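[1] this is a predicted model, with the sequence first.
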Amino acid sequence: MLQLKNPALFKQACYINGQWQDAAEKIAVTNPATGEIIGHIPKMGRAEAAKAIAAAKLAMPAWQKKTAQERSVILRRWFELILDNQEDLAQILSAEQGKPLVEARGEVIYGASFIEWFAEEAKRVYGDVIAAPQADKRIVVIKQAIGVVAAITPWNFPNAMITRKAGPALAAGCSIVLKPATQTPFSALALAALATEAGIPNGVFNVITGAASEIGGELTRSPDVAKLSFTGSTDIGKLLMRQCADTIKKVSLELGGNAPFVVFDDADLDAAVEGAMVSKFRNAGQTCICANRIYVQESVYDAFSAKFTLAVAKLKVGVGTGEGVTQGPLIDDKAVQKVEEHIKDALEQGATLAHGGKRHALGHSFFEPTVLLNVTTKMKVAREETFGPLAPLFRFSSEEELIQLANDTEFGLASYFYSRDIGRIWRVAEALEYGMVGINTGTISSELAPFGGVKQSGLGREGSKYGIDDYISIKCLCMGGIDR
Ligand SMILES: NC(=O)C1=CN([C@@H]2O[C@H](COP(=O)(O)OP(=O)(O)OC[C@H]3O[C@@H](n4cnc5c(N)ncnc54)[C@H](OP(=O)(O)O)[C@@H]3O)[C@@H](O)[C@H]2O)C=CC1
Ligand SMILES: O=C(O)CCCC(=O)O
């Protein structure tokens, strides 16, 4: 049972047009660390999604008409309330998602940072004046809110993936209908409770839970939705993009990755171990920017693997609220099965186990942090995102070979490399076909930096000064008759 300072943050109803709404059918939400039911959410579908869209459509004109300064003040209040309630939000997040409390607290601050950032950016949506081809004309470009936004978010970051979309959408003057992941809905509903308190008007921020394909079907079908922002698997991203085609919606997609993490022979090995640990084991490896393939240059392979394996052995697996826990459970048994499948396949094809390799003695969906050595490109781990605490170490000999190996994937989200040679740093950074490159660091995310991928990892950028562009449409005013 959750012990919250403010129990009103734990909502088991959807939030449509400023009202908390229930449904006859419910879905139980469980704690992945214990299997216990935390609470229930309404199972809503197409009709309720249509209702939420209608509410968002009705609410948007007044929200858009507010000055950017007025929207900014309300968003800033939301940001402050999120920080004031950090501990409760972290408890809810850790219970539904499983991540260690320390990571959950960090995610709440990270999530809040997007609201603060876009509260500020609301005031910096600038237009342009362009020279006209005729003397009696002037061309002016204005930027306006794109319209009602639909957002569909995943379970791995139940707080920050919502604020990263809601922040820019609301700052731009859009209203939003959000469908959070069924496994982690309570963080989203708690954010909605705080949104009301902050003064976000009824209908501007709506949260609806239930049948994904029905709700997603309505959000993508409706001509009243102008934009879809989705974070999740590549397969569902493709499906939603196809569904958006009929009404030509603007889409932002933040999809799967297959991040290479490269250690060159001139790297600071201790720093590389530190970076690899953060990048690989954050959220038990369930992050789309987690290192998925660790490439180590031949001459430092043994030294790096020894240091890395020692560091992995120090991780403490346990329930997120436990003292000193650094790795929680995976989200569900399906996630565990994928890790097991990748390990089995690699071992059958000649990889060797340096650490872990099996389900953890704690049961449920806990899995041992695992290190595999002598991994090759034939193995599944080279091609598929594991999304779990498995670190496969590949060997490479030259920079040219590495570039070819690192880019040999249909994904292009995050990549990382460690080197102290400035020429190599520029060459490799420019050659990697990825939206983000971590150079001598395993931590690349912040509200200040553009987050997003190329190839089948997605479209658009979140966070940063670019993040608001996805929620804006450009209008050209061509003004004639000036000389008359
Ligand atoms: N880029 C990223 O950050 C993420 C990547 N992934 C990758 O995807 C794999 C599978 O994870 P999974 O949770 O199944 O990811 P999904 O893509 O299935 O889920 C992400 C979101 O999409 C919703 N969704 C699912 N099906 C539909 C649909 N037909 N129409 C509209 N919305 C839909 C989900 O709802 P519901 O929860 O109700 O099913 C959830 O809100 C992971 O192992 C990982 O590899 C997963 C999560 C995040
Ligand atoms: O898409 C994800 O997996 C969540 C993004 C994590 C981050 O912002 O660092």
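    Thanks, I have the structure now. Ligands and ions are numbered 1, 2, ... in the order given.
[2] stretch 425-435: which residues count as buried?
    Of the residues in stretch 425-435, Ile425, Val428, Ala431, Leu432, Tyr434, Gly435 count as buried by neighbour count, 16 or more other CB atoms under 10 Å. For the C-beta atoms, the positions are set from N, CA and C on the backbone; glycine is no exception.
[3] sec struct for the fifth one, please.
    Assigned state for Tyr434: coil (three-state reduction, DSSP: H, G, I helix; E, B strand; the rest coil).
[4] just checking, it touches Gly453?
    Yes: using CB atoms under 8 Å, Tyr434 is in contact with Gly453, at 7.0 Å.
[5] tell me, what's touching the two both at once?
    Counting by CB atoms under 8 Å, 6 or more residues apart in numbering, the shared contacts of Tyr434 and Gly453 are Gly412, Leu413, Ala414.
[6] narrow the residues you listed to those in strands?
    Gly412, Ala414 (DSSP state E).
[7] who wins on neighbours among the shared contacts of Tyr434 and Gly453?
    Neighbour counts for the shared contacts of Tyr434 and Gly453 peak at Ala414, which has 30 neighbours (criterion: other CB atoms under 10 Å).
[8] report pLDDT for that one.
    Reported pLDDT at Ala414 in the predicted model: 98.
[9] kindly report the same for the one 3 residues further on.
    The predicted structure scores Phe417 at 98 on the pLDDT scale.
[10] repeat for Asp483
    Note for Asp483: predicted pLDDT of 84.
[11] you'd agree it is in a helix?
    No: when three-state DSSP is applied, Asp483 is found to be coil, with no helix at that position.
[12] Throw the buried residues of stretch 425-435 into JSON lines and include pLDDT and distance to Glu218, thanks.
    Shown next, in JSON lines, are the buried residues of stretch 425-435 (pLDDT from 0 to 100; distance: CB to CB, whole Å):
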{"residue": "Ile425", "pLDDT": "98", "distance to Glu218": "48"}
{"residue": "Val428", "pLDDT": "98", "distance to Glu218": "45"}
{"residue": "Ala431", "pLDDT": "98", "distance to Glu218": "43"}
{"residue": "Leu432", "pLDDT": "98", "distance to Glu218": "39"}
{"residue": "Tyr434", "pLDDT": "98", "distance to Glu218": "34"}
{"residue": "Gly435", "pLDDT": "98", "distance to Glu218": "30"}
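[13] can the strand or helix carrying Trp117 be found next to ligand 2?
    Using DSSP states H and E, Trp117 sits within helix 101-121. No: counting by CB under 6 Å from any ligand atom, no contacts exist between helix 101-121 and ligand 2, the nearest distance being 7.1 Å.
[14] helix or strand next in line after that helix, which one?
    strand 128-130.
[15] strands paired with that following strand, and their directions?
    strand 138-145 (antiparallel) (DSSP bridges).
[16] ok, and what's touching the helix or strand just after the partner strand?
    Sequence order places strand 148-152 as the next helix or strand after strand 138-145, per DSSP H and E. The contact list for strand 148-152 (CB under 8 Å, 6+ apart) reads 53, 56-57, 60, 162, 165-166, 169, 174-179, 212, 216, 219-220, 224-232, 240, 471.
[17] buried residues, stretch 452-463. List them.
    Within stretch 452-463, judged by 16+ other CB under 10 Å, the buried ones are Gly452, Gly453, Lys455, Gln456, Ser457, Gly458, Leu459, Gly460, Arg461, Glu462, Gly463.
[18] and the furthest pair within these?
    Taking CB to CB, the two most distant members of the buried residues of stretch 452-463 are Gln456 and Gly463; they sit 20.9 Å apart.
[19] report all helices and strands that the one helix or strand Val177 maps to contacts.
    Taking DSSP H and E as the criterion, Val177 maps to strand 176-179. In terms of contacts (3 or more CB pairs under 8 Å, 6 or more residues apart in numbering; DSSP states H and E), strand 176-179 is packed against helix 46-65, strand 148-152, helix 160-172, strand 205-207, helix 212-221.
[20] can you pull the contacts of Gly98?
    Asn31, Pro32, Ala33, Ala284, Gly320, Gly328, Pro329, Leu330, Ile331, Ser365.
[21] quick one: contacts for the residue of the stretch 251-400 of the chain found nearest ligand 1?
    Among the residues of the stretch 251-400 of the chain, Cys288 lies nearest to ligand 1; the distance is 3.5 Å by CB to the nearest ligand atom. Cys288 makes contacts with Asn156, Thr231, Glu254, Leu255, Gly256, Gly257, Glu385, Leu413, Ala414, Ser457, as judged by CB under 8 Å, 6+ apart.
[22] what's the burial count for the residue lying closest to Ala119 once chain neighbours are set aside?
    Leaving aside its sequence neighbours, Ala119 sits nearest to Leu75 (CB to CB, 6 or more residues apart in numbering; 3.6 Å). The number of residues packed near Leu75 is 28, by other CB under 10 Å.
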